[in-house]
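Student: make a model of this:
(2 chains)
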Number of protein chains: 2
Amino acid sequence: MAVYDDLMAFQRETEALAQVAGRLGWDQETMMPRGAAEQRGEELAAMETVLHARRTDARVGDWLADAAPADETAAANLREIRRSYERNTKVPATLAAEIARVTSVAQGIWAEARAAEDWDTFEPVLANVIRLRQEEGQALAGGGDVYDALLQDYEPGTTAAEIEAMFTALRPGLVALREKILGASITYPELDTEFPEAGQLQLSEELALAFGYDLSHGRIDKAVHPFSSGSGLDVRITTRTSLRDPFNCFYSTIHEVGHAAYEQGIDRAHLLTPLGRGVSMGVHESQSRIYENQLGRSEPFCGFLHARMEAVFGDFGIDDPRAFYGAVNRVAPGYIRTEADEVHYNLHIMMRFDLERALISGDLPVADLPGAWNERFTADFGVAVDRPSNGCLQDVHWSVGLFGYFPTYSLGNVYAGCLHEALRRDLPDLDADLAEGHTGNATSWLRDTLQRHGGLYEPRALIARATGAEPSVEPLLAYLNGKFGALYGV
Amino acid sequence: MAVYDDLMAFQRETEALAQVAGRLGWDQETMMPRGAAEQRGEELAAMETVLHARRTDARVGDWLADAAPADETAAANLREIRRSYERNTKVPATLAAEIARVTSVAQGIWAEARAAEDWDTFEPVLANVIRLRQEEGQALAGGGDVYDALLQDYEPGTTAAEIEAMFTALRPGLVALREKILGASITYPELDTEFPEAGQLQLSEELALAFGYDLSHGRIDKAVHPFSSGSGLDVRITTRTSLRDPFNCFYSTIHEVGHAAYEQGIDRAHLLTPLGRGVSMGVHESQSRIYENQLGRSEPFCGFLHARMEAVFGDFGIDDPRAFYGAVNRVAPGYIRTEADEVHYNLHIMMRFDLERALISGDLPVADLPGAWNERFTADFGVAVDRPSNGCLQDVHWSVGLFGYFPTYSLGNVYAGCLHEALRRDLPDLDADLAEGHTGNATSWLRDTLQRHGGLYEPRALIARATGAEPSVEPLLAYLNGKFGALYGV
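Tutor: All right, here's what the predicted structure looks like:
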């Protein structure tokens, strides 16, 4: 055990340093003075140098060679440390540093290019990012599939082939449902008045608490793009307000509370160990999505929210709770992924998945991306993209090298469908709870069956364990067909 | 130059990491969720481990041995790096770690003991802290004076003998002035109404900007004990509000702006180098004090503040600007150092200086501290201390091992006196500026003559360079006698 203990003591410090680096990111998006960016870049680079040195420290290799796990937890810790060590030692330090430097600059250029509708400036930058990530993927793959190798950073244990099979199973049902809804005669109103920010923030905090967010181990601030940050005893979320669109605020908050509740729900025994964080992006997204959609956008919870909004804002033009539920869940095609409804969302992801695999394999030259994007978008959504910011410049992901990340969003939706089916089976009175704004039984179920384990089990095994069945797309499709079929009479 | 460049590249990362660690401290006092303390302790300890390893890295010793400075800046950088390297390598790592651990716990025990008026619980804790700092001082002194060795952490290049000589010169004038004022018949009013927090914070920010604080490289938050934090492009301050005492808010803000303006005023060329921070605690305090007292508590600036307070708060019971000036500068003996007026403040410090030297030398056993404190306080202030929280439990410093820090407060006051004399000589129209709330000429003078140099010159040399004369207590005494003589007609 001495070897394992030495390794874990070292790892514990590394985990603490990673939390510090993560909090710098939080600070940057919420608190940092605008003139501090240059210095912050150096601070982040210094932290990355320290972390990289620790993650590739030869002692870790020696400890891993000698450590024998005494139990399931120790075995899982060793699995995660080994995964990190191998991943980091396979990539030359110079390449890792160049990727960090290039993507940091690329993000800024992307933001300017998006604002200026300027694909041409961004194209060579993206080409460079892709080249570097291809090189990294080759180093990681060791002769295997490069995209699969990149995917491991976000969804360990999953392959592109598995995701492709999942999308193949999911797509026809989504397309059929979409077509039925777009042909339906039922429509729902949109919000059409102003909602003062103070009321939005007050109700946002109320919703966060209703969904079990623990403010003694977290805090809520505003950010341009809402996010959740941190693990263990300090898990912070952000939200945003939009004067005419309070749903943006409320559902951003509930979504981020889903991520944060996962981190806050992990057993204290895993604090500052490799198991003390959410196990994958897909599982993380399953939590944010089930909080936001299956619970937060359910008819009974919408009834509760409707009453609270009337109490806070007075009459805002939608009196009927059923119409309000429809307004929250309006289905409408749109250019922007992050604004997509539950029916369209995964179609956005499938498109990105296919395009980014082609970019990484080299089948799709970067110069051809706008054309390929627009062709696919027209095929899937029935309209051409009108400008780059509504098309292939809309997402930050590729600019910062996140290839392999997009599919985890849909994986999260599929997992959320599985979890929701099991949750409904175990909690037959859930709707009565939600109508009162009580999510406690549902969130306790999620904590007990899934969240508390942190990184103990691999993603698919974790979902199977929580639901009693292998993950599949059927529960999500059944949920969407039931919910939107009823809403649109189709 | 290659050796020097390698050293500086390494040092630059260390400086960046030190900024990160400092910002964790800022976060802890302003933003951190209350339940995160345990994890934060591990994060800080991990950062300290990293920093200590870098500061004692054998490569630094090798580089220092081989590097030849090409110019004045390089020589100063090498001087500061060498000072840090020698300081950190002289102290055994186990002792440094024990001091970090013990003082972290001691601070909590001190806070509880102060709240409970419980000297007995704190006594053994303080004894342990002193024992460890004595041991550290012996390691640093190498046979020389232990207190002098500790002093170097806060005021490099200064000895206790020099400070004692300064206090010997300063004390009679202060005592004489104090006695005259306490015998005077003129009195000034106290504030006696409530000042809403929003107005205090609004005016506090206005004052910060008036004194040149750069919010694009800083921010203002609330904290229980106001402080300034960070160097370079990210220098944050905090303030506090007190419903019936807005002066506490305003002069805390101006004081912290003095510290922050020093950091913000350092030449960009020194960013993330050992010269990119204030050179000593004494010089730092000279900036906060001259902003707060010689400028902020001057009669013309008080006239400006009076008008602004009437505009923000309406009639608050003091109509006459001269009476307001007197209220800002009321002289009254009190138990608490941090609430002391300009006449009494340095008497508090002299007492702590004598007591802490006796504690470190062993001449004063810890058990005898309350008695010695009360005896000295009665002698100096004419009354006995009524309870420990008004006596030797009032300051946090000793609980966290800060022996050698107190005298730098008075050193700062003396330096502020010297700088103010020179400033008045160079800016004959200063009062007209201050009456309008314009501090720009004064703060530019301070930036040009002193702040921009950062750590380039040693403290005393820096003051001499800025003022054209060796530092002495005469300017401070002349200023105090002039100001308070006029206020009290003595």
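
Student: after whatever helix or strand A:Arg114 lives in, which helix or strand is next?
Tutor: Element membership for A:Arg114, per DSSP states H and E: helix A:93-116. Sequence-wise, the next helix or strand downstream of helix A:93-116 (DSSP H and E) is helix A:119-141.

Student: hang on, the earlier thing: could you give the mean pLDDT of the helix holding A:Arg114?
Tutor: Mean pLDDT, computed over helix A:93-116, is 91.

Student: could you list every helix and strand in contact with it?
Tutor: helix A:37-55, helix A:119-141 (3 or more Cβ pairs under 8 Å, 6 or more residues apart in numbering or on different chains; DSSP states H and E). (Each C-beta comes from the backbone N, C-alpha and C, glycine too.)

Student: can you pull the buried residues of it?
Tutor: Residues of helix A:93-116 classed as buried: A:96, A:99-100, A:102-103, A:106-107, A:109-110, A:113-114 (neighbour count, 16 or more other Cβ atoms under 10 Å in any protein chain shown).

Student: stretch A:151-160 now?
Tutor: A:151-156, A:158, A:160.

Student: out of the helices and strands packed on helix A:93-116, which gets nearest to A:Glu206?
Tutor: Of all these, it is helix A:37-55 that lies closest to A:Glu206, at 33.3 Å by Cβ to Cβ.

Student: now the closest one against helix B:37-55, angle please.
Tutor: Angle of helix A:37-55 versus helix B:37-55, following axes from the mean of the first three to the mean of the last three Cα atoms, to 10 degrees, is 90 degrees.

Student: which SSE is immediately downstream of helix A:37-55?
Tutor: helix A:58-66.

Student: how close does the residue in the stretch 51-200 of chain A that chain B sits nearest to get to B:Thr408?
Tutor: Here the stretch 51-200 of chain A gets closest to chain B at one residue, A:Arg54, 8.9 Å apart by Cβ to the nearest Cβ. According to Cβ to Cβ, to the nearest Å, A:Arg54 stands 37 Å off from B:Thr408.

Student: looking at those two, which has the bigger crowd around it?
Tutor: B:Thr408 (25 against 21; other Cβ atoms under 10 Å in any protein chain shown).

Student: thinking again about what came up before, which ones are touching the residue of the stretch 51-200 of chain A closest to chain B?
Tutor: A:10, A:13-14, A:17, A:60 (Cβ atoms under 8 Å, 6 or more residues apart in numbering or on different chains).

Student: these: which two are farthest apart?
Tutor: For these, and using Cβ to Cβ, no pair is farther apart than A:Leu17 and A:Val60, which are 14.0 Å apart.

Student: out of the contacts of A:Arg54, who's near chain B?
Tutor: A:13-14, A:17 (Cβ under 8 Å from any Cβ of the partner chain).

Student: with neighbour count and secondary structure as extra columns, can I get the residues you listed in CSV?
Tutor: Converted to CSV, the ones next to chain B among the contacts of A:Arg54 look like this (neighbours: other Cβ atoms under 10 Å in any protein chain shown; DSSP: H, G, I helix; E, B strand; the rest coil):
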residue, neighbour count, secondary structure
A:Glu13, 18, helix
A:Thr14, 21, helix
A:Leu17, 22, helix
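
Student: skipping adjacent residues, who's closest to the residue most central in space within chain A in space?
Tutor: Centre of chain A computed as the mean C-alpha position; nearest residue by Cα atoms, centre = their mean is A:Glu285, 4.5 Å away. The shortest distance from A:Glu285 to any non-neighbouring residue, by Cβ to Cβ, 6 or more residues apart in numbering or on different chains, is to A:Gly412 (2.4 Å).
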